[in-house]
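Undergrad: With the input below, show me the fold.
(chains A and B)
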Amino acid sequence: MDRGECAGETPKIKLINVAKRFGDKVVLDGVNLSVMPGESVAIIGGSGTGKSVTLKCILGLLTPEAGSIEVDGREIIGLSNRDAAALRAKFGMLFQGSALFDSLPIWRNVSFGLTQGRLRDSANMRRVAQENLERVGLGADVLDRFPAELSGGMQKRVALARAIAPRPEIVFFDEPTTGLDPIRADVINDLIVSLVVDLGITALTITHDMVSARKIAHRVAMLYQGRIIWHGPRDRLYDSGNPYVDQFVQGRADGPIK
Amino acid sequence: MTASSTSPLIGRPFADIGRLTLAILATIGRITIFAGRTIGRALRPPYYPGRFFQQLREIGWYSLPVVGLTASFTGAALAQQIYIGGSRFNAQQTVPAIVVFGIIRELGPVLVGLMVAGRVSSAMAAELGTMRVTEQLDAMATLRTDPYRYLIAPRLFAAVIALPIMVLIANSIGLFGGYLLAVEKLGFNPTHYLVTTRQFLRSDDLVMSVVKAAVFGFFIALMGCYHGFEADGGAAGVGRATTNAVVSAFVLILLSDLLITVLAFG
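TA: You can find the predicted model right below:
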């Protein structure tokens, strides 16, 4: 049982037996997971185990075939388009490839969630963008540049600034350190930790990076064959007693995971 | 034992035809839902007039050079061909009448439609397809911005507005191309040519030309947006989406042209 549920607190996010398939391929086969307010949880697991699909189901970008997803105790599956759009105001997301809008300068990327893409109140939006960029360690010199003019690490930071600019209650991080060298990856990890603490957000991260998982998460869950097969505090990651988790975190080719 | 297991060579073509029919019907259904969703959402705020005018410039203004060239060359070539054909039974004087008839009713809208489809459907599918495979469309949704309103509706409405204007321009250029060749090369009297052109220039033909153009514009944007929006599979998927967008836009333009022509003039 999760620590927050013991205290009777309502989970920020609660997944109950969530199932999703694409054609004949079962991706999620009864996922159960709770994330408490202010908690940072990392989901680990191999490629194609359904980590990104889990996030997209919570965001309403995909609809599960079965199960229940609650946000702040409210069922979100089956919401109307308008309610689903309103619900998304609670969420921010850092995408694996940053997913910045190529055709827009950085300041409009960062302020996009505040204006819904409209070009209005430009002076104020530039200021808001600059404030959020400063929070992720970028200066005003990038405001008028385009995403293609930035390095991968800088794009990740801009994407992070964009995700937090509307001040969401929950932020999803999809492989936040993938493609970055260890130093830049650690910079991103530090930023995520500071954002969780400073802004009091609830964070759900999916990652292959064990260093990152141990640094940014309070709790880690492992997804395998569409189910959460283990979850526990980050300190237990290398001492889980679960052969699947042991094989995965140690990166061994031999073991129960084929 | 089933018929298909006893006669696989007979059963398989029927099964293939059935699958193909179902796939075509499913695709038509998906495209119809896509178009309906776009129009339905576009009627509710937020609206994006800036995006609409940007697309109007992309689709209309930037396509004018290629449309102008196509119309002028085709108008001139048509005048030459009609002159050659007409001279076989001493009917060279029909050149201005048939040029105006052919350009306004058929060649103007169809050629503009095909040229713009080649240029615009492919660009839309490539841009939206790239946005799909790089998760930019998902990112937009998480930023409380509806991609149907922000990306699709402005393209659809801009194409429906831009194509009729471009066809009117192309019709004028096409007629002028025919006039130039007829007067400069074939020795027609300029005044007589213009008077004949005016006599055969009917307003209902012009209306039909514009209606065709609006329908073609709708299909051009719809095919570009739909195939780009539904792209998957990385760079190869974007390539497939681009090809499918252009081919399906071409087919729909030619098919709808036939239907409109038969219904209006048949």
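
Undergrad: The one helix or strand B:H192 maps to - contacts with which helices or strands?
TA: For B:H192, the element it lies in under DSSP states H and E is helix B:190-200. The contact analysis (3 or more CB pairs under 8 Å, 6 or more residues apart in numbering or on different chains; DSSP states H and E) places helix B:190-200 against helix B:95-102, helix B:153-184. In short, each C-beta sits where N, CA and C put it, glycine included.

Undergrad: Can you dump the C-alpha atoms of that helix in PDB for me?
TA: Taking Å, rounded to 0.1, in the frame of the first residue of the first chain, the C-alpha atoms of helix B:190-200 are listed here in PDB:
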ATOM      1  CA  PRO B 190      -7.300  41.300 -81.800                       C
ATOM      2  CA  THR B 191     -10.700  43.000 -81.600                       C
ATOM      3  CA  HIS B 192     -12.600  40.200 -83.200                       C
ATOM      4  CA  TYR B 193     -10.900  37.700 -80.900                       C
ATOM      5  CA  LEU B 194     -11.800  39.700 -77.800                       C
ATOM      6  CA  VAL B 195     -15.400  40.200 -78.900                       C
ATOM      7  CA  THR B 196     -15.800  36.500 -79.600                       C
ATOM      8  CA  THR B 197     -14.300  35.700 -76.200                       C
ATOM      9  CA  ARG B 198     -16.700  38.100 -74.500                       C
ATOM     10  CA  GLN B 199     -19.700  36.500 -76.300                       C
ATOM     11  CA  PHE B 200     -18.800  33.000 -75.100                       C
END
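
Undergrad: thinking in terms of the whole chain, how far from its middle is it?
TA: With CA atoms, centre = their mean, to the nearest Å as the basis, helix B:190-200 stands 30 Å off its chain's centre.

Undergrad: need the next SSE after it, C-terminal direction.
TA: Heading C-terminal from helix B:190-200, the first helix or strand you meet, by DSSP H and E, is helix B:203-229.

Undergrad: List the buried residues of that next one.
TA: Across helix B:203-229, burial judged by 16 or more other CB atoms under 10 Å in any protein chain shown covers B:205-206, B:208-210, B:212-229.

Undergrad: what's the angle between it and helix B:95-102?
TA: Orientation check (axes from the mean of the first three to the mean of the last three CA atoms, to 10 degrees): helix B:203-229 against helix B:95-102 gives 40 degrees.

Undergrad: Does helix B:203-229 pack against any helices or strands, and if so which?
TA: In terms of contacts (3+ CB pairs under 8 Å, 6+ apart), helix B:203-229 is packed against helix B:8-42, helix B:108-116, helix B:122-133, helix B:153-184, helix B:234-265.

Undergrad: Any chance you could list what contacts the following helix or strand past the first one?
TA: Helices and strands here follow DSSP H and E; after helix B:8-42, the next one along the chain is helix B:49-59. Under the criterion CB atoms under 8 Å, 6 or more residues apart in numbering or on different chains, residues A:117-119, B:116, B:120, B:123, B:150-151, B:154-155, B:157-159, B:161-163, B:217, B:221 lie in contact with helix B:49-59.

Undergrad: Flag every residue of chain A that's near chain B.
TA: A:56, A:59, A:61, A:85, A:88-89, A:91-93, A:95-97, A:99-102, A:112-113, A:116-119, A:162, A:166 (CB under 8 Å from any CB of the partner chain).

Undergrad: burial of B:I33, as a residue count?
TA: 11 (other CB atoms under 10 Å in any protein chain shown).

Undergrad: let me fix that: B:T134
TA: When neighbours are defined as other CB under 10 Å, B:T134 has 20 of them.

Undergrad: ok, it touching A:A99?
TA: Yes - with contact defined as CB atoms under 8 Å, B:T134 reaches A:A99; the gap is 5.9 Å.

Undergrad: So, low pLDDT: which residues of chain A?
TA: A:1-8 (pLDDT under 70).

Undergrad: May I ask you to name the longest helix in it?
TA: Ranked by number of residues, the top helix in chain A under DSSP state H is helix A:182-199.

Undergrad: Need phi/psi at the residue lying closest to A:L160 once chain neighbours are set aside.
TA: Leaving aside its chain neighbours, A:L160 sits nearest to A:V136 (5.0 Å; criterion: CB to CB, 6 or more residues apart in numbering or on different chains). Backbone torsions for A:V136, taken as degrees, to the nearest 10, come to phi -100, psi 10.

Undergrad: from the chain's centre, how far out does the helix or strand where B:V66 lies sit?
TA: Element membership of B:V66 [criterion: DSSP H and E] is helix B:64-87. Using CA atoms, centre = their mean, the mean C-alpha position of helix B:64-87 is found 20 Å from that of the whole chain.
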